[in-house]
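K.L.:
The sequence isn't on hand, but the structure is:
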């Protein structure tokens, strides 16, 4: 395992995860009115990002870098589902507890990755 690659990805993904979680939490009211084309585009970006992470960092040892690999697989799966079924994502309850839990997990992962990437 290349620790420099893990640290580099942690420095990239940590702030990104924090910003995504914060801004999605703040703007939950805009998501039910999205156009399916925007959902499809978002899925394409998530899919390519997740695939890129997996191709360059597919580490499954029980240490902190597994968080990077897990985020890659989550992005790949979410991107795939948004590309395959963009209209299914319309009108979802964006104020539900599962959304808040997901945003909380993403924020926590971002904090952990920032800590490992910048301060550990």
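P.N.:
Perfect, thanks for sending it. Being a predicted model, the structure only gives us computed values, none of them experimental. Numbering: from 1, shown residues only.

K.L.:
which non-adjacent residue is nearest residue 118?
P.N.:
residue 11 (6.3 Å; CB to CB, 6 or more residues apart in numbering). Backbone N, C-alpha and C define where each C-beta goes, glycine included.

K.L.:
Give me the distance between the one you found and residue 78.
P.N.:
Between residue 11 and residue 78 the distance, using CB to CB, to the nearest Å, works out to 22 Å.

K.L.:
In stretch 29-48, which residues are buried?
P.N.:
Neighbour counts using 16 or more other CB atoms under 10 Å place 31, 39, 40, 42, 43, 46, 47 of stretch 29-48 among the buried residues.

K.L.:
For residue 90, see how far away the fourth one is.
P.N.:
Here the distance between residue 42 and residue 90 works out to 12 Å (CB to CB).

K.L.:
Same question for the fifth one.
P.N.:
Plainly put, residue 43 is 13 Å away from residue 90 if you go by CB to CB.

K.L.:
what do you get for the third one?
P.N.:
In this structure, residue 40 lies at 12 Å from residue 90, with CB to CB as the measure.

K.L.:
what does the last one give?
P.N.:
Shown here: residue 47 relative to residue 90, a distance of 19 Å by CB to CB.

K.L.:
Quick check: pLDDT value at residue 91.
P.N.:
The predicted structure scores residue 91 at 67 on the pLDDT scale.

K.L.:
One more: residue 102?
P.N.:
The score at residue 102 is 88. That number is its pLDDT.

K.L.:
And it, its phi and psi?
P.N.:
phi -60, psi -40 (degrees, to the nearest 10).

K.L.:
What about it, how many residues nearby?
P.N.:
A total of 15 residues lie near residue 102 under the criterion other CB atoms under 10 Å.

K.L.:
Now for residue 112: which residues touch it?
P.N.:
Counting by CB atoms under 8 Å, 6 or more residues apart in numbering, residue 112 touches 14, 64, 67.

K.L.:
Give me the subset of those residues that lies in helices.
P.N.:
Assigned to helices by DSSP state H, the following of the contacts of residue 112 qualify: 14, 67.
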